[in-house]
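*Asks:* model this:
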Amino acid sequence: MKRLAVADRGSGDRGPGCGTDEAGGAAAVASRIPAPVPQATRRARRDLLVLLLLGACVLGAGIGLRDPWPADEPRYALVAKEMVETGEWLFPHRNGELYADKPPVFFWAIAACYLLTGSLRLAFLLPSLIAGLVTLAMVHDLARRLRGRRAALAAGLGLLFTVQFTLQARTAQIDMLLAMFTTLALYGLFRHLVSGPAWGWWATAFAAMGAGVITKGVGVLPVLALIPWAWARRGRWAGVARFPFPAWKAVLGSLALPAVIAAWAVPMLAAVAASGDPQLAAYRDNILFRQTATRYVAAWHHHRWFGYYLVQVVPWAWLPLSLTLPWLVPAWARRLRRRHGPHLILLGWVALVLVFFSVSPGKRGVYVIPALAGLVLAAAPLLPALVRAAGVRRAISSCAAVWSGVALAAAVAAPWLARVNPGRLEDLGVDPTVLVPPLALIGAAGLAGVLAWGRRRPVAVLIGTIALSWVVVGLWVNPLLNAGRYPASFMADVARRIGAGAGLGQLGWREQFALAADRPLVTFGYARRDLEAESREGAAWLLSGADRRLLVPSASLAPCFDRSLVDELGPRHGRTWYLAGADSVTPACLPSTAPIAPANRAAPREPARPEPGGGRRY
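*Replies:* Residues are numbered from 1 along each chain as shown. I've put the predicted structure just below:
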């Protein structure tokens, strides 16, 4: 493999000076004439443009056609919406409560898109789409510099059609933005360490890590690439640039990491110190310590065994790339035996990232998406030759057939499932038979492609099948499912029942209800564990004002609400909901009854404007 190409520097050869004014003037004029762009560079740029257009179609299909879906999307959209509406950008809130689970960068991105577009339905998915396209461009360019045009195409297509990458770029979760920053850091490190010196890229890499940290705490992961790089440099492995590495320059460039973090942390810490507010202090401690070190060392949820990622995540999440691992691993071993530095750095970094997340007891499949770019870059130089092997072609064709067969089987099973087990589909919000046509289209088109071209062009068939699937899901399936995944119709029905001027509260609330409500939603703490204490607060709020209604889940009816005097609204988001009025409050929760002290909230909460009866209106 070649070293990183020092390409597109944009300066022509000036030639030796002749020592005369005429020659000097001619040289000056010639120096201002742009150098001709090489044919290979023009082709690479055209490839990148086509890749980005294809990526925009696959990743962006359906944007604006659905609302934020649980579990995370409504939360992040609500936080961003409140940033714009309240002007409070330093401390994220959801329905007025401080939200200390994540740093603010992703919320800022959604809020900025909301300001630009004026539509939250459009804005909440734009940051992930943009991050996905930027990541695609960086991976394509880095692969081109490492190995050339064919490897760049393989890297771009391999990343675009990897299940986990596409899925994350099409959802409003933080991890796609994190992957963009970690990929930028990896890109900058390679530009400096493999083809350097390029100290500007060194500083850019650390600045990207700082941005990753204030996006999601693990943004510093690319620094692990320095371990295999140091080994390769010390052992004089091929493909790794050797140049003086003064400590002062290294330290100076790496200061970009704390500088970017400080741009957020210093104003936040200063505001907390100036406020004297214990809830803001709790927010500071939560975001700086509990959600970082404590969450990694002693995670309180998503506990998985050590081999979870290698055994349960990589095989499906990194499809179809994972299909080629039986052939890639021996090829990588040969490269490493030949002491090829870039492969050692990439594969060493991917392995260290997987080990890093495997050591923590708390694991989610999405955590390892930053490593995906490194794996694709390590595979890209080998894929063009690898896909000509008979075994790889059979595996790829089989993947397309199985993918299409699953879609077709789901289309056939949907009506049967609706008949035999309708209770399981109540919360779907739509008749499952409406999903038959899009699923049948995916399955039939994919199987037709396999039968017609599966042997001759298996890669094209698989890419076409996957691309068609994502486009159909975005433009057809998701709009059908939106009614069940987002409570717009549910909250519209509530609004009709209670009238325009009534106050509305909710026990056991979730962010999607606040987003869909047509009025301020009074709540009593997010995810409270003491349901009885919350019910008593809700009952007190109902009784303390005129024309109020309260949404109550079935688990919170007792002891404060008489089931015979509340209106059943039906199931929504895994719960059966009731609409309670003041007349439904039982004697056990009348004002003369001593109230139970509210339960401690899991997250700190901003002081709210009190309402009579203990409710909070935001």
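
*Asks:* any weak-confidence spans in the stretch 451-600 of the chain?
*Replies:* For the stretch 451-600 of the chain, the stretches with pLDDT under 70 are 527-529, 592-600.

*Asks:* If we use 50, what do you get?
*Replies:* 593-600 (pLDDT under 50).

*Asks:* What segments of it are strands?
*Replies:* Counting by DSSP state E, counting those that start in this stretch, one finds strands in the stretch 451-600 of the chain at the ranges 503-506, 521-522, 548-553, 567-572, 575-580.

*Asks:* so what secondary structure elements neighbour the second one?
*Replies:* Counting contacts by 3 or more C-beta pairs under 8 Å, 6 or more residues apart in numbering; DSSP states H and E, the secondary-structure elements packed against strand 521-522 are strand 503-506. All C-beta spots, glycine's among them, are computed from the backbone N, C-alpha and C.

*Asks:* And the strand it packs on, what does it pack against?
*Replies:* Against strand 503-506 (3+ C-beta pairs under 8 Å, 6+ apart) you get strand 521-522, helix 531-543, strand 548-553.

*Asks:* Could you dump these into JSON lines and include mean neighbour count and distance to Cys589?
*Replies:* Formatted as JSON lines, the helices and strands packed on strand 503-506 follow (neighbours: other C-beta atoms under 10 Å; distance: least, C-beta to C-beta, whole Å):
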{"stretch": "strand 521-522", "mean neighbour count": "25", "distance to Cys589": "17"}
{"stretch": "helix 531-543", "mean neighbour count": "23", "distance to Cys589": "4"}
{"stretch": "strand 548-553", "mean neighbour count": "25", "distance to Cys589": "12"}
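
*Asks:* between the ones you listed, which one is nearest to Ala380?
*Replies:* strand 521-522 (49.3 Å; C-beta to C-beta).

*Asks:* Tell me the strands beside the closest one, with direction?
*Replies:* In the sheet, strand 521-522 lines up against strand 503-506 (parallel) (DSSP bridges).

*Asks:* mind saving the C-alpha coords of the partner strand as PDB?
*Replies:* What follows is strand 503-506, C-alpha atoms only, in PDB (Å, rounded to 0.1, in the frame of the first residue of the first chain):
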ATOM      1  CA  GLY A 503     -55.300  22.800  31.600                       C
ATOM      2  CA  LEU A 504     -53.700  19.500  30.900                       C
ATOM      3  CA  GLY A 505     -51.400  17.500  33.100                       C
ATOM      4  CA  GLN A 506     -49.900  14.000  32.800                       C
END
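
*Asks:* buried residues in that strand?
*Replies:* 503-506 (16 or more other C-beta atoms under 10 Å).

*Asks:* what about Pro384, how many residues close to it?
*Replies:* 15 (other C-beta atoms under 10 Å).

*Asks:* what about Val220, distance to Ala205?
*Replies:* From Val220 across to Ala205, the span is 11 Å (C-beta to C-beta, to the nearest Å).

*Asks:* What ranges in this structure fall below the confidence cut-off?
*Replies:* 1-35, 593-618.

*Asks:* circling back: right, and out of the buried residues of strand 503-506, which lies closest to Gly239?
*Replies:* Checking the buried residues of strand 503-506 against Gly239 with C-beta to C-beta, the nearest one is Gln506 at 59.5 Å.

*Asks:* Neighbour count: Val220 and Ala205, which is higher?
*Replies:* Ala205 (28 against 16).

*Asks:* Can I take it that the more buried one is in a helix?
*Replies:* Yes. The assignment for Ala205 is a helix, going by DSSP: H, G, I helix; E, B strand; the rest coil.

*Asks:* Ignoring the adjacent residues along the chain, who's closest to it?
*Replies:* Ranked by C-beta to C-beta, 6 or more residues apart in numbering and with sequence neighbours excluded, the top spatial neighbour of Ala205 is Gly188, at 3.1 Å.

*Asks:* Number of residues surrounding that neighbour?
*Replies:* Counted with other C-beta under 10 Å, Gly188 comes out at 26.

*Asks:* which residues touch it?
*Replies:* Gly188 sits next to 201-206, 208 when contact means C-beta atoms under 8 Å, 6 or more residues apart in numbering.

*Asks:* out of the residues you listed, which one sits closest to Leu352?
*Replies:* So of those, ranked by how close each gets to Leu352 (C-beta to C-beta), first place is Ala205, at 16.1 Å.
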